[in-house]
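Q: Any chance you can model this:
(one chain, ligands or ions: 1)
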Amino acid sequence: MTPDAGRVLERIEEIFSLAPGPNGGASRPAFSGAEARAMLLVAGWAREAGLEAAVDPHGNLWCLPTGEAPCVTGGSHVDTVPDGGRYDGPLGTVLAVEAAVRTGGNRGVLVCAAEEASRFGAGTLGSRTMTGKISEEDLSRLRDSGGRDALSARSVYLDALGDLPRLERAPLERISSHVEVHVEQRADLRREGLSLGVATAVAGPVRHRLRFFGEVAHAGETPATERRDALCAAAETVLLAEKLGRDYAPVTTATAGTLDIHPNSLTSIPGSAEVGVDIRGVLPGGARLLLGELLRGAREAADGRGVRLEDDPLSEAEPTEMDGAMVSAVEEACGRLGVRCGRCASFAGHDAQHLAAVAPAALVFVASENGVSHAPGEAVAEEDLGAALGVLCALVEGLQSGRTPQTLRGRR
Ligand SMILES: [Zn+2]
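A: Next comes the predicted model:
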């Protein structure tokens, strides 16, 4: 029987009601006052569970038992995209608090700040700054649509946390292992009759901006054979990205998500066009392979039209392979509790992939009812939520007592 998850649902609702969005979703942007209020709510619940709550200089909330003993931590994030869902972030956060209440011992809650990329164009800011993957200088270069940089937004957010105790640095050495539970962001698990999924890898995104330079000319008076149309070269590249995304599925995805053309006039042949491409692979080198093919095709499309191509790399990351022993620990807990669980990969970034650099980490997905995520319609079944709580409690207990696969015990 799965444990009663009633209080988990109530608390998810409580976080949701802090800042409802205009279309029925949740709006708690990264490093905002609403994110700070959600953090304070979680800190209060953690204190009731006997944990000490404090915030590190990066904005992450640590709820740990007194002392210095390493702990099994759980948690996710509490910020959202604009008008996002109820579960993305709060689900794993509230489950971690509940598991801490029900298990006791050397366990804690770690809620990472500014996970969503929607405000600053880059996400997992809290987990990446605390693990040294990005610097404060990087934060100062990230800006939101209002021109505020992420570093100054963070200091406003930290002020909004009021008298919440401050840590001088992130106590990473206190994480013996970490489990992030997250709502699934597609509909695979439900289709396969599974309640949970455990990620074996998290994709590394490769993002490039492709710039095509042709020649602006009169739309009526320039003969078809004499045109150097930048948009046509870009359009071929967009369709090639779609084709390659299909060819390389399911291990690599490709999306042309932005398009800027100049002069963007109905009576002019476009003289320049800029396409932003996002490629994600869960196998090492997979995204680069697709990118190579896309760039060759883009060059051919440009050459064939007398258009010049410039390739501007924006970011490149390799996929993260999640700890195999942690994957086994999740599967073993599911097996013991009779919870249906399968292996999967995540194409979206998560804090657990960055925490994996400092401690064995697991990323566990709870089946989505409908595949909807980053939207008000996000939904999970109460039964699956109960299953997740049972498995998380078993993990927190098992990982503390060393009742885990051999490789994990030897890690630290
Ligand atoms: Zn999330």
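
Q: isn't Asn23 right up against Asp83?
A: Yes - Asn23 is in contact with Asp83 according to C-beta atoms under 8 Å; the separation is 4.8 Å. C-beta coordinates here come from the backbone N, C-alpha and C atoms, glycine included.

Q: which of those two has more neighbours?
A: Asp83 (16 against 10; other C-beta atoms under 10 Å).

Q: okay but that one is in contact with Pro29, surely?
A: No - with contact defined as C-beta under 8 Å, Asp83 does not count as touching Pro29 (10.9 Å).

Q: Find residues that contact each of the two.
A: Applying C-beta atoms under 8 Å, 6 or more residues apart in numbering, one finds that no residue jointly contacts Asp83 and Pro29.

Q: which neighbours do Asn23 and Asp83 share?
A: Going by C-beta under 8 Å, 6+ apart, residues that sit against Asn23 and also against Asp83 are Pro376.

Q: Which residue is the nearest non-sequential neighbour of the residue of the stretch 201-350 of the chain found nearest the ion?
A: Of all residues in the stretch 201-350 of the chain, His350 sits closest to the ion, at 6.4 Å by C-beta to the ion. Leaving aside its sequence neighbours, His350 sits nearest to Leu363 (C-beta to C-beta, 6 or more residues apart in numbering; 5.6 Å).

Q: list the contacts for Glu318?
A: Listed by C-beta under 8 Å, 6+ apart, the contact set of Glu318 reads Gly204, Pro284, Gly285.

Q: Show the model's pLDDT score for it.
A: pLDDT for Glu318: 91.

Q: ok but it is inside a strand, no?
A: No - Glu318: not assigned to a strand; according to DSSP: H, G, I helix; E, B strand; the rest coil it is coil.

Q: Which parts of the stretch 151-300 of the chain are strands?
A: Here the stretch 151-300 of the chain has its strands, by DSSP state E, counting those that start in this stretch, at 175-183, 196-202, 204-213, 217-218, 252-262, 268-269, 272-281.

Q: how many degrees apart are the second one and strand 175-183 in direction?
A: To tie it back to what came earlier, the one meant is strand 196-202. Counting by axes from the mean of the first three to the mean of the last three C-alpha atoms, to 10 degrees, strand 196-202 lies at 110 degrees to strand 175-183.

Q: Do any residues in strand 196-202 lie close to the ion?
A: No - applying C-beta under 5 Å from the ion, one finds strand 196-202 separated from the ion by no less than 12.0 Å.

Q: could you dump that strand to CSV, C-alpha only?
A: Output of strand 196-202 as CSV, limited to C-alpha atoms (Å, rounded to 0.1, in the frame of the first residue of the first chain):
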residue,chain,number,x,y,z
LEU,A,196,8.0,6.2,-11.8
GLY,A,197,11.0,6.6,-14.1
VAL,A,198,14.7,6.8,-13.1
ALA,A,199,17.0,8.8,-15.3
THR,A,200,20.2,7.2,-16.4
ALA,A,201,21.4,10.3,-18.3
VAL,A,202,20.5,14.0,-18.6
